[in-house]
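Novice: Show me how the following folds:
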Amino acid sequence: MTHASIITGQAIAAELRASIRQEVDRWPADLPRPCLVVIQVGDDPASSVYVKNKVKACEEAGIISEHRRLPADSTEQNLVDHIDRLNQDSQVHGILVQLPLPKHLSASKLIDRIDPNKDVDGFHPINSGALFSGQPRRANRKPCCYWQQARPSRFVTVKPKTCTHTASAPMC
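Specialist: Okay, here's the model as predicted:
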């Protein structure tokens, strides 16, 4: 006979944030603290709530987060340049482009521009391809593994020097 367990997503998420906080608090002083930058273009109310919750979760986990609000009429080139600067910034370890975007912007072009090692959502073709093919992917040797999904099957150990992306945890 199989026994089912009822899981509470909020409780699991709170436990994960507390665990991440403990690990981040033990982070070596010579390494930059994990940092997530969320780019939101326009003022979609649902997106604003989502980003607010992500910022709050990062704070609870001891992760630096920055919510960059850009005007709805931002040009695609402006966003590409912005993402390029974040890709080059060694103090930024995760980038999230909040969807949906205004209609004049190409989500795929902007997501493709994110360094796959900084792609928190896992939407970059390299990351989504690794996920769907079930092939593990080795990330760069940066403190990138702070992002964990609130599912027990996707636990990833936070390590300041290395990170292994696997089919069960592709988006650390």
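Novice: who touches stretch 66-83?
Specialist: Stretch 66-83 has contacts (CB atoms under 8 Å, 6 or more residues apart in numbering) with 35-43, 51-52, 55, 95, 97, 102, 104-106, 109-110, 113-114. C-beta coordinates here come from the backbone N, C-alpha and C atoms, glycine included.
Novice: Of those, which belong to helices?
Specialist: Residues of those located in helices (DSSP state H): Val51, Lys52, Val55, Lys109, Leu110, Arg113.
Novice: you'd agree the last one is up against Leu86?
Specialist: No - counting by CB atoms under 8 Å, Leu86 is not a contact partner of Arg113; they are 9.7 Å apart.
Novice: In this structure, where is pLDDT below threshold?
Specialist: Along the chain, segments meeting pLDDT under 70 span 1-2, 136-172.
Novice: rerun that using 50 as the cut-off
Specialist: 138-172 (pLDDT under 50).
Novice: Please, where are all the helices along it?
Specialist: Counting by DSSP H, the helices of the chain are 9-25, 45-61, 76-88, 107-113, 125-133.
Novice: Make TSV from those helices and add distance to Leu70 and mean neighbour count to it.
Specialist: Formatted as TSV, the helices of the chain follow (distance: least, CB to CB, whole Å; neighbours: other CB atoms under 10 Å):
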stretch	distance to Leu70	mean neighbour count
helix 9-25	27	15
helix 45-61	12	15
helix 76-88	7	15
helix 107-113	11	16
helix 125-133	23	15
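Novice: could I get those helices as JSON lines with distance to Leu31?
Specialist: Converted to JSON lines, those look like this (distance: least, CB to CB, whole Å):
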{"stretch": "helix 9-25", "distance to Leu31": "10"}
{"stretch": "helix 45-61", "distance to Leu31": "16"}
{"stretch": "helix 76-88", "distance to Leu31": "18"}
{"stretch": "helix 107-113", "distance to Leu31": "26"}
{"stretch": "helix 125-133", "distance to Leu31": "23"}
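Novice: The ones you listed: which one's closest to Asp119?
Specialist: Within the helices of the chain, the stretch nearest Asp119 is helix 125-133; the backing value is 5.3 Å (CB to CB).
Novice: how far away is the residue nearest to the spatial centre of the chain from Leu86?
Specialist: Closest to where the C-alpha atoms of the chain average out (CA atoms, centre = their mean) is Val120, at 2.5 Å. Per CB to CB, to the nearest Å, Val120 is found 11 Å from Leu86.
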